[in-house]
Structures are given as C-alpha cells and as structure tokens.
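Student: sequence unavailable; structure follows:
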C-alpha cells in the first residue's frame, strides 16, 4: 500500500503569490489533516477533514489558508497571498476513524521570499 | 501554555545509554497517547501508542503511562546514534480524531 503522498516536495514563492500544495491520503483512510511545522511553533493543525467534510479549519489560519478535499483521495491546501512568515514545512497526514494513528506524508518545504 | 508538555527540550546521551523522555497532558480528558519520531528532514513516524495504565515494550523502546497523573514516558535503552531525532508526543481527547502534539524532545546520541 502506498503511504501518504505530497507534491511538490519543495516550493519557492515570491511574497503575494498563490501556491497550491497537494496531498493524497493512504487508500481507505477517511480522516485527513494538514499541519504546518516550524522550529518555533512546532506542529500546528491547519485543517481536518472526515470523509471529505471539513471538521476544523484552524482558527488563526482561516484568512489566507484554504484546504479542500476534492474527492476521498485528493486534497489541496491553497495559500493566498503568501507571506514570508508562511515559510515552513507543510505536512499532510491521514488516519482511519477509530484507529486514529496518523500517518504522515513526506511534507512540502515552502520558502516565501 | 501548551496542552501537551514535553521535557526535556533536548537530551544528549552516550551511545549504549538510556534515554528517558517525558510527556504530560494538562487536560484530564486525554484518552490515548502516541510517540512519534522525526529524523532531520523527514516526516514524523509513529513509534508506539498507549492507552492503558502500565507499560508496553517493543524492542529497545518502553512506554509507560500513568493515567492518574496524565503522564507518559518513553525510554530507549542501548541508545544508538540512529536514534538521534526529534521525539513528539501526541494526545487524543474525548475519543476524537484530532491529535494534539507537544513541542518535542530533541535527542542526540553521541558515539
């Protein structure tokens, strides 16, 4: 079974650009999570979907961050417009309801200049 | 203050030594803990999970849980340089699907 896949692995953007990150969860997993990881803040939850329904959209990240689940096997995270403080690693994870162990993808390292 | 507190922030042990990492929840509604390991430049990988009082052992790794004190600990015996990584503790509350992660303990094992 393939694990969680994320593309691209690296992204460099100019301030003000729109970027879209992609994630494919483990086949059969109904829960999908987007996180941002920085050395200072650690792992922060951005969005959480269950069976394509948005369960949580991360409070402080609402204004410029939008996650969507286009179908059960594909999700995107759009950041619009990007700011230098968005530079971080963006991680996608998925899990089976009831099991709840989250499996992480390799992450997208974003640098905003 | 974070809901899940880990200590110490960083830890250095000699090769072959014992590493002990701690994690405490400030919310009594915790019902499950996970330990993840994240090597530099990689994503977190689940090491062990625990929800019952007591201990659980897998190879060189032992996890303890004391539900009364909302505290879990991870012990790594015969530490190897390859164990050098960021160790993240995660907690689940009220049987929800979300996990809350602590800030992590950075372990360095010196050859």
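Tutor: Looks like it arrived, so ask away. Here the structure is a predicted model, which means the values were calculated and not measured.

Student: can you list contacts of the lowest-mean-pLDDT helix or strand in chain B?
Tutor: Of all regular secondary-structure elements in chain B, judged by mean pLDDT, DSSP states H and E, the least confident is strand B:99-101 with a mean of 92. For strand B:99-101, the external contacting residues (C-beta atoms under 8 Å, 6 or more residues apart in numbering or on different chains) are A:42-43, A:100, A:102, B:3-4, B:34, B:36, B:88-93. Backbone N, C-alpha and C define where each C-beta goes, glycine included.

Student: next, count neighbours for the nearest residue to residue A:58 once chain neighbours are set aside.
Tutor: With sequence-adjacent residues excluded and distances taken as C-beta to C-beta, 6 or more residues apart in numbering or on different chains, residue A:58 is closest to residue A:46, at 4.4 Å. Neighbourhood size, residue A:46 [other C-beta atoms under 10 Å in any protein chain shown]: 23.

Student: roughly how far apart are residue A:46 and residue A:98?
Tutor: Distance, residue A:46 to residue A:98, using C-beta to C-beta, to the nearest Å: 23 Å.

Student: which SS state does the residue of chain A positioned farthest from its centre fall under?
Tutor: The C-alpha centroid of chain A is most remote from residue A:98, which lies 21.4 Å away (C-alpha atoms, centre = their mean). When classified by DSSP: H, G, I helix; E, B strand; the rest coil, residue A:98 comes out as coil.
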